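S.K.: I would like the atomic coordinates for the input below:
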Amino acid sequence: MLEYLPDHLREDLRQAAKKRRRGSRLHIQLGDVIYPLQRLWATGLAIEAGRLTHLRGLVDVYDGPRHLGHCLIVASVLEEDELICDFKYFQTVADRPPVDFERTGEEISGYLASA
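M.R.: Next up is the predicted model:
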C-alpha cells in the first residue's frame, strides 16, 4: 500500500512510526551497553538498525529496571530500519528460588512464637 504514495509521504510515515515507538521501556543489555528495543515477540526482537548491524549470543532483557530474562540470539538480519533478531530460547527470571514440590494452600508469611 505504501508503494503508491509519494516518497516524501512515505518518509513522513516512517518518521511518525519511529517517534511512536520511542515510548517503550524494553531494552537489552550487553555488558555495560544498553540498546532500546522497538518490538519484542515470542520468537524474536527488533532493534533500531542505526545502533547495531549484527547481534548474536546471550543477552539480558529488561522492562525499565525489572529484569525479564535471558535470551540466546541465534540469527539477525537487517530489514529496512530495523535489526530483526531471532532467539532460540527465552529464559524468564523468577523472583523466588525454585522448589521441588507442589505448593498447595496459602503460604505462611511467618510463625508466631509459642507462649
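S.K.: hey, let's count contacts and neighbours off CA atoms from now on
M.R.: OK.
S.K.: longest strand anywhere in the protein?
M.R.: strand 66-79 (DSSP state E).
S.K.: And the contacts of the helix or strand following that strand?
M.R.: Using DSSP states H and E, the helix or strand that follows strand 66-79 towards the C-terminus is strand 82-92. With contact meaning C-alpha atoms under 8 Å, 6 or more residues apart in numbering, strand 82-92 is reached by 43-49, 52-55, 68-78.
S.K.: If we use 7 Å, what do you get?
M.R.: Applying C-alpha atoms under 7 Å, 6 or more residues apart in numbering, the external contacts of strand 82-92 come out as 43-49, 53, 68-78.
S.K.: and the next element down the chain from the worst-scoring helix or strand of the chain on mean pLDDT?
M.R.: Least confident helix or strand, the chain: helix 7-21 with a mean of 78, by mean pLDDT, DSSP states H and E. Where DSSP H and E defines the elements, the next helix or strand beyond helix 7-21 is strand 26-30.
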